[in-house]
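[1] Provide a 3D model corresponding to the input given below.
(chains A and B)
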Amino acid sequence: MKVTRDVLKKIRFFDNYTEKQLDIIAKLSNIKEFRVKQVLFEQYDELSDISVLLEGTLSMGISLAGEKRIHLGTIEEGQLFSWSAVFSPFISTAWVMSVTPAKILSIDAKKLNKEIEKDCDFGLKTMSKIAQTISHRLGDTRFQLMNQLTL
Amino acid sequence: MLTEKNIYKPVMAKLTEVIEESPLIKTFVLIPEKEFSFRTGQFIELSVDGIGEAPFTPSSSPLITEKLEVTVMKTGYVTEHMHKLKPGINMGIRGPFGRGYPVEMFYGKEVLILGGGCGLAPIRSLLYALEGVKDKLKKVILCYGSKTPADCIYKPLFDRLNKTEKFEAYRTVDRADEEWDGSVGVVTTLLNKIKITIDESVAIVCGPPVMMKFGTIRLLEMGYKDEQIYLSMEKNMSCGLGKCGHCMMGEFFVCKDGPVFTYNELKGTPDIWK
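    Numbering: from 1, shown residues only, chains lettered A, B, ... in the order given. Okay, here's the model as predicted:
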């Protein structure tokens, strides 16, 4: 399926982008589909794409020294993930696996970074949204940690 | 001066059923000797002869006055003894005390409820009250988190709400087990999947202090104003009359001025999340 501006308009993550900016993202994007229980990427994998979940549910977690997977959270429709693809060293901090059949929007991170450098407004919007995702993850992790400490 | 009602004298109630909700939580079904009415969110003092008294917010419908349900988590001396009780004995009820949810203020709005752990007990009562006035509400969304699937209480409630017009209910767990195929993560992660018009809504938070704190922070980040957020502060209420001071929080007696407050009222009060 071809990614168009209209496809992106339906995704909450792209609220506030101008039509021109949506066209830029559309050009850098493609849609990928995954079966149930398919690993999208492993922890410590080098990532090339930043992604938004369009349909389905994904689980996310960590593995300790190759031991069994620890499931830390669920990625819901409309959420951004694999943000490590945008920041050096471009290494994933978690594994992601599909819980149900899933469709994701995959954006070429190298090309996205070039667009961010070219256009300040586009760059600020994108980085703010990524920072918000990371901030929420950090807040949720603190919440989880406090829950454990107050058991 | 003598008053008509002795506020220290409990109304006796027969324990007719004990429902095990989770390994640590039980619901006690009580039939009071006379009709007992309360406003959702208000609390009662429940006593057992020879053991003691403890505060609880009823988990049953405020529209039903002949039966009362109280959900109790085993956390201390009194609650541990309560968990050993069998149907047939008499318990004492004092109250209701304090300020409950101002349900009329929610008319015409979307109501977002964020609950955690045993905080679902007062929320269940609120949900019953909201179901009674659903024609006057835009919609009601419940987001609930428990530590594990086994710790989730009132499991049938979620299916029932999802089949009720204008109601949506979501659950998550901190730690999944082999059989769990729902959301994993703290309750705030559920806020990523809901659709709500913040300007036309109110948010209600009830649960353990950690959850109340992080839940309130996330609601503020989402754009909720202080006065749109209602907090049910379950503190160490004792006398229920604003006299003993056990539940004091800044300038407030939680038992008398609360337990339901807006965040606007509490903001700046020390130790509200303790």
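
[2] contacts and neighbour counts: CA atoms only from here.
    Noted.

[3] ok, residues contacting the helix or strand containing A:Glu117?
    In this assignment (DSSP states H and E), A:Glu117 forms part of helix A:109-118. Identification of contacts with helix A:109-118 by C-alpha atoms under 8 Å, 6 or more residues apart in numbering or on different chains yields A:25, A:28, A:48-50, A:85-86, A:122-124, A:126.

[4] at 6 Å instead, please
    For helix A:109-118, the surrounding residues in contact (C-alpha atoms under 6 Å, 6 or more residues apart in numbering or on different chains) are A:48-50, A:85-86, A:123.

[5] tabulate those residues (JSON lines), appending neighbour count and distance to B:Ile204.
    Below are the contacts of helix A:109-118 laid out as JSON lines (neighbours: other C-alpha atoms under 10 Å in any protein chain shown; distance: C-alpha to C-alpha, whole Å):
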{"residue": "A:Ser48", "neighbour count": "20", "distance to B:Ile204": "41"}
{"residue": "A:Asp49", "neighbour count": "24", "distance to B:Ile204": "38"}
{"residue": "A:Ile50", "neighbour count": "22", "distance to B:Ile204": "34"}
{"residue": "A:Ala85", "neighbour count": "23", "distance to B:Ile204": "37"}
{"residue": "A:Val86", "neighbour count": "21", "distance to B:Ile204": "37"}
{"residue": "A:Gly123", "neighbour count": "17", "distance to B:Ile204": "36"}
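
[6] from the residues you listed, which is closest to chain B?
    A:Ile50 (18.1 Å; C-alpha to the nearest C-alpha).

[7] buried stuff in stretch A:57-68?
    A:57-63 (16 or more other C-alpha atoms under 10 Å in any protein chain shown).

[8] flag every residue of chain B that's near chain A.
    Within chain B, the positions near chain A by C-alpha under 6 Å from any C-alpha of the partner chain are B:183-185.

[9] which one of those residues sits closest to B:Leu114?
    Nearest to B:Leu114 out of these is B:Gly185 (C-alpha to C-alpha; 13.9 Å).

[10] returning to what we had before: narrow the contacts of helix A:109-118 to those in helices?
    Among those, the residues falling in helices (DSSP state H) are A:Gly123.

[11] just the closest of the contacts of helix A:109-118 to B:Lys147, please.
    A:Ile50 (30.4 Å).

[12] quick one: contacts for the closest one?
    By C-alpha under 6 Å, 6+ apart, the contact list for A:Ile50 reads A:82-83, A:85, A:106-107, A:109.

[13] got the residues of chain A near chain B?
    So chain A meets chain B at A:73-74 (C-alpha under 6 Å from any C-alpha).

[14] any weak-confidence spans in chain A?
    Residues of chain A meeting the criterion pLDDT under 70: A:66-67, A:151.

[15] low-confidence ranges in the stretch 51-200 of chain B?
    Residues of the stretch 51-200 of chain B meeting the criterion pLDDT under 70: none.

[16] and the strands in it, which stretches?
    B:52-56, B:68-73, B:90-97, B:110-116, B:139-146, B:167-173, B:183-184 (DSSP state E, counting those that start in this stretch).

[17] and the contacts of the first one?
    The one in question is strand B:52-56. By C-alpha under 6 Å, 6+ apart, strand B:52-56 touches B:43-47.

[18] could you check the angle that strand makes with strand B:90-97?
    Between strand B:52-56 and strand B:90-97, the angle comes out at 50 degrees (axes from the mean of the first three to the mean of the last three C-alpha atoms, to 10 degrees).
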